[in-house]
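Chemist: A structural model of the following input is requested.
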Amino acid sequence: QVHLVESGGGLVQAGGSLRLSCAASGRSFSNYAMSWFRQAPGKEREFVSGTISSGRTTYYADFVKGRFTISRDNAKNTVYLQMNSLKLEDTAVYYCATGRRSYTTTPADLREYDYWGQGTQVTVSS
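Modeler: As a prediction, the model looks like this:
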């Protein structure tokens, strides 16, 4: 059984930073792509950022480019999302997901992922 546990969410003022972590267990973490998604109230879940198994290739949604950075430590089975210059519209529950393969050519497609964490709340205040 694969388990993904997110942490690091919280309340932060606009312009501030947070670092999310997602710890994985249950299968060989280094063999799979990993991504972050988010879902705000009343909205669909949307892709934020992703990385292939090696971490050498990363993907970002346009609305986070230049502000968020994804990274992974395969020795620790953990993927991170460093979020800087946070905006009010970044408020959402953030989920990590593990891909079905080591890479994905369509990282924003939810069907590319087979396991999801429970989510961590990020709230940005003015």
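Chemist: isn't Glu112 right up against Met34?
Modeler: No - between Glu112 and Met34 there is no contact under CB atoms under 8 Å: 10.9 Å. Every residue, glycine included, has its C-beta placed from N, CA and C.
Chemist: what's the overlap in contacts for the two?
Modeler: Counting by CB atoms under 8 Å, 6 or more residues apart in numbering, the residues touching both Glu112 and Met34 are Gly99.
Chemist: Who has more neighbours out of these two?
Modeler: A direct count of neighbours by other CB atoms under 10 Å for Glu112 and Met34 places Met34 higher, at 27 against 20.
Chemist: and the more buried one, what are its bridge partners?
Modeler: Thr51, Thr98 (DSSP bridges).
Chemist: For it, give me the pLDDT.
Modeler: Per-residue pLDDT puts Met34 at 97.
Chemist: just checking, it touches Val79?
Modeler: Yes - using CB under 8 Å, Met34 is in contact with Val79, at 4.3 Å.
Chemist: what residues are up against Tyr95?
Modeler: Glu6, Trp36, Phe37, Arg38, Gln39, Arg45, Trp116, Gly117, Gln118, Gly119.
Chemist: same thing but 6 Å
Modeler: With contact set as CB atoms under 6 Å, 6 or more residues apart in numbering, Tyr95 has these partners: Phe37, Trp116, Gly117, Gly119.
Chemist: measure the last one to Thr105 for me?
Modeler: So the one you mean is Gly119. With distances taken as CB to CB, to the nearest Å, Gly119 is found 26 Å from Thr105.
Chemist: Neighbour count: the two, which is higher?
Modeler: Counting neighbours by other CB under 10 Å for Gly119 and for Thr105 shows that Gly119 has the greater number, 18 against 8.
Chemist: Please tell me I have it right and that one contacts Val93.
Modeler: Yes - applying CB atoms under 6 Å, one finds Gly119 in contact with Val93, separated by 4.2 Å.
Chemist: Cool, thanks, talk later.
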